[in-house]
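Participant: sharing a model prediction with you, sequence too.
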Amino acid sequence: MARAALDAARPGADAPQAFAVTAPIDGRVLRVLHASEGTVAPGTPLLEIGDTAQLEIVAELLTADALRAAPGSEVRIGHWGGAGDLAGSVRRVEPSGFTKISALGVEEQRVNVRIDIVSPRERWQALGDGYRVGVAILTHRVDDALRVPVSAVFPLPPEGNGASPGFAVFTVDGDRARLRPVQLGGRNPRHAWITDGLDAGAEVVIYPPQAVVDGVRVKPGMR
């Protein structure tokens, strides 16, 4: 840039002489921003170059979720196109969030979480810049947790003062459905962690329809 500027400003200079533009790093060409020959102003981007062996994942999390994604948290990386999941680790949660409109038109506050891939490079060498992956960040671990399908858990109707009394499940007692209020320790898209209100081994009703109430008869096909 400096040489091009000096050549252009030199008194009585002819057309600037050609000179080599060298890459600042080892890597691969990711994008060609100026494809054809021609005159360009000093500082005009010509190429984007990156080292695809040093990829990071940038996940846009809701700010409430990002608060639980501490640096060093384990990450499971899926839906990346290869066999099995990859292992990752949260490196940094950016300190500034931004507003994004969801697919349903709702304004959401999100923040970028930067994740390092810790699985061997040989497994994910086909990944490139801008590729899409899915991530699951481990925020809490409990041994011997009591879990039920998340589809079995539903919120109880609000009380007279508008407060929510919590959650419940329907268990199967013989041929009857029984309403069991439960305490949730957490949940993910597949399972809910029950901390109180349910015994291990209890049979629960998943996706209970409105016709299912406490004491109603149930059949095995509904379980």
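Facilitator: Looks like it came in fine.

Participant: list the contacts of the residue positioned nearest the centre of the chain.
Facilitator: Nearest residue to the geometric centre of the chain (Cα atoms, centre = their mean): V135, 4.4 Å. V135 makes contacts with 57, 59, 75-78, 88, 115, as judged by Cβ atoms under 8 Å, 6 or more residues apart in numbering. Yep, even glycine has a C-beta here, placed from its N, CA and C like the rest.

Participant: which residue, other than its chain neighbours, is closest to Y207?
Facilitator: Once flanking residues are discounted, Y207 sits nearest to S151: 5.1 Å by Cβ to Cβ, 6 or more residues apart in numbering.

Participant: for that neighbour, which three-state class applies?
Facilitator: helix (DSSP: H, G, I helix; E, B strand; the rest coil).

Participant: quick one: it from E203, how far?
Facilitator: 14 Å (Cβ to Cβ, to the nearest Å).

Participant: try G134
Facilitator: Remark: distance between G134 and E203 (Cβ to Cβ) = 32 Å.

Participant: ditto for T99
Facilitator: The gap separating T99 from E203 is 45 Å, by Cβ to Cβ.

Participant: R3 in helix, strand or coil?
Facilitator: Under three-state DSSP, R3 falls in the helix class.

Participant: what number of residues lie near it?
Facilitator: Around R3 there are 11 other residues, counting by other Cβ atoms under 10 Å.

Participant: start the count at 32, not 1, going forward
Facilitator: Sounds good: first residue 32 from here, last item R34.

Participant: ok, so what distance separates it from H110?
Facilitator: As judged by Cβ to Cβ, R34 and H110 stand 47 Å apart.

Participant: just A33 next, same as before
Facilitator: Noted for A33: a distance of 46 Å to H110, by Cβ to Cβ.

Participant: can you show me the strands along this protein?
Facilitator: Using DSSP state E, the strands found in the chain span residues 59-63, 78-81, 87-93, 105-109, 117-124, 129-132, 138-148, 165-168, 177-180, 185-186, 198-204, 207-218, 222-227.

Participant: tell me how this protein divides into domains.
Facilitator: 33-81, 84-168, 177-253 (automatic domain parsing).

Participant: can you list those domains in JSON lines and add mean pLDDT?
Facilitator: As requested, those are exported to JSON lines (pLDDT from 0 to 100):
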{"stretch": "domain 33-81", "mean pLDDT": "79"}
{"stretch": "domain 84-168", "mean pLDDT": "93"}
{"stretch": "domain 177-253", "mean pLDDT": "88"}
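
Participant: quick check: bridge partners of the residue nearest to the centre of the chain?
Facilitator: Note on V166: beta-bridge partners by DSSP bridges are I108.

Participant: measure it to G119 for me?
Facilitator: Distance, V166 to G119, using Cβ to Cβ: 7 Å.

Participant: same thing with G246?
Facilitator: G246 sits 48 Å away from G119, taking Cβ to Cβ as the criterion.

Participant: ok, those two, which is more surrounded?
Facilitator: The residue with more neighbours, out of G246 and G119, is G119; 23 against 10, by other Cβ under 10 Å.

Participant: what is the burial count for the residue nearest to the more buried one when sequence neighbours are not counted?
Facilitator: Distances taken as Cβ to Cβ, 6+ apart put V106 closest to G119, at 3.5 Å, once the chain neighbours are dropped. V106 is flanked by 23 other residues according to other Cβ under 10 Å.
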